[in-house]
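1. quick one: sequence plus predicted model below, questions after.
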Amino acid sequence: MDFKKLTNPVWDRSDNLRDPSIYKTDEGYHLFYSRYSNKDWSRPENWAIGYAFTKDFIHFEKDRDISAKGFASPGDLIRWNGKYILPYQSYPETPTMLCYSVSEDLIHWSEPVFFLEEARYLPWNQAERVIDPTFVVDGNRLHCYFVGTDRKHYERATNLVGHAYTDDPELKNWTITTVDRPLIGASETAPDGAENVTVYRIQDEWIMIYSEGLLEQHLAYSVSKDLINWEQKGKVEIEAQNWIAVRYGAPFVWKEADTWMMILMGEDSNNHTTFGLLSSEDGIHWQMLKEK
């Protein structure tokens, strides 16, 4: 399809659309997202995992919730042992925990299966909460990036990124590589940390783009050879547009022929969140689609 014909934001609803994730098939694009309604962040009934299907990012159909209320932040949909697995989290009731659902057809989804519960008790995860799972398959190994929170040792609540992997087909036994300290923590450009990781491979190097900061959220990126050791590269510069006037984050990246595509959540001056698209020839430098 010709993405140059599209304009940002590509999808705007009365609900606040958050945390997009794309799974591309021959038929089109399966879009998973957090549906946030009624402007009350604290109530579980205002949160659910939403799903829609599109062939062109103009017409969105089959829009529905695929989870019960009280869940959010879908990560990368993967194929694992012949089935589709979608990671997400319980939210906002405490303790927030990681979970996944299983499907054989991208239509019917299992009840949530909770996993990696030991990440709640990492010494740097002071709030004992785990959110924002991202799955990355590398051969027979599954990596999971996740976010914990410290509300005690910083000026404000600070989100910190951790990492674990498993070789277990049942996803029960995990090795956490970030026991003593997080993979990504607070920094000068993001004193309140990071969240919402997306990871993809360019030749022999892995790229991670993530939401840096909470109050003044933007994008940053890191690179790795092994998915465990990462070198932070700094901010991802993107064009200012009205639909991201307040902040932007929760990126998801996929490959489209010879072009990399990113779907992004943006918050406008009315504090409404929508989805827009960016493109890149090299997977590092990004250009916005034109704005409506």
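-> Right, received. Where do you want to start? Numbers count the residues shown, from 1 in each chain.
2. distance check, residue 146 against residue 45.
-> 25 Å (CB to CB, to the nearest Å). Backbone N, C-alpha and C define where each C-beta goes, glycine included.
3. residue 194 contacts residue 220, doesn't it?
-> Yes - between residue 194 and residue 220 there is a contact under CB atoms under 8 Å: 7.2 Å.
4. can you list residues touching both of these two?
-> Counting by CB atoms under 8 Å, 6 or more residues apart in numbering, the contacts common to residue 194 and residue 220 are 210, 212.
5. of the two, which one has the most company?
-> residue 194 (30 against 20; other CB atoms under 10 Å).
6. residue closest to the middle of the chain?
-> residue 196 (4.2 Å; CA atoms, centre = their mean).
7. that residue against residue 19, yeah?
-> Yes - using CB under 8 Å, residue 196 is in contact with residue 19, at 6.8 Å.
8. touching both of these two, which residues are there?
-> If you check residue 196 and residue 19 against CB under 8 Å, 6+ apart, the residues they both contact are 73, 132, 250.
9. quick check: the gap between residue 49 and residue 32.
-> 6 Å.
10. right, I mislabeled it, should have said residue 255
-> Applying CB to CB to residue 255 and residue 32 gives a distance of 18 Å.
11. now swap in residue 154 and tell me
-> 31 Å.
12. host element of residue 198?
-> strand 194-202 (DSSP states H and E).
13. only C-alpha atoms, please: export that strand in CSV.
-> The C-alpha trace of strand 194-202 is given here as CSV (Å, rounded to 0.1, in the frame of the first residue of the first chain):
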residue,chain,number,x,y,z
ALA,A,194,11.4,5.0,30.6
GLU,A,195,8.6,2.6,29.4
ASN,A,196,6.9,1.1,26.3
VAL,A,197,9.7,-0.7,24.5
THR,A,198,9.7,-1.9,20.9
VAL,A,199,12.6,-4.1,19.5
TYR,A,200,13.5,-5.0,15.9
ARG,A,201,16.5,-6.3,14.0
ILE,A,202,18.5,-4.6,11.3
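14. after that strand, next one along is what?
-> strand 205-212.
15. can you give me the strands in the stretch 151-292 of the chain?
-> Counting by DSSP state E, counting those that start in this stretch, the stretch 151-292 of the chain has strands at residues 158-166, 175-176, 194-202, 205-212, 218-224, 230-235, 247-256, 259-267, 273-280, 287-288.
16. and what of the stretch 1-150 of the chain?
-> 16-24, 29-36, 47-54, 60-65, 71-72, 78-80, 83-90, 98-103, 113-114, 131-138, 141-150.
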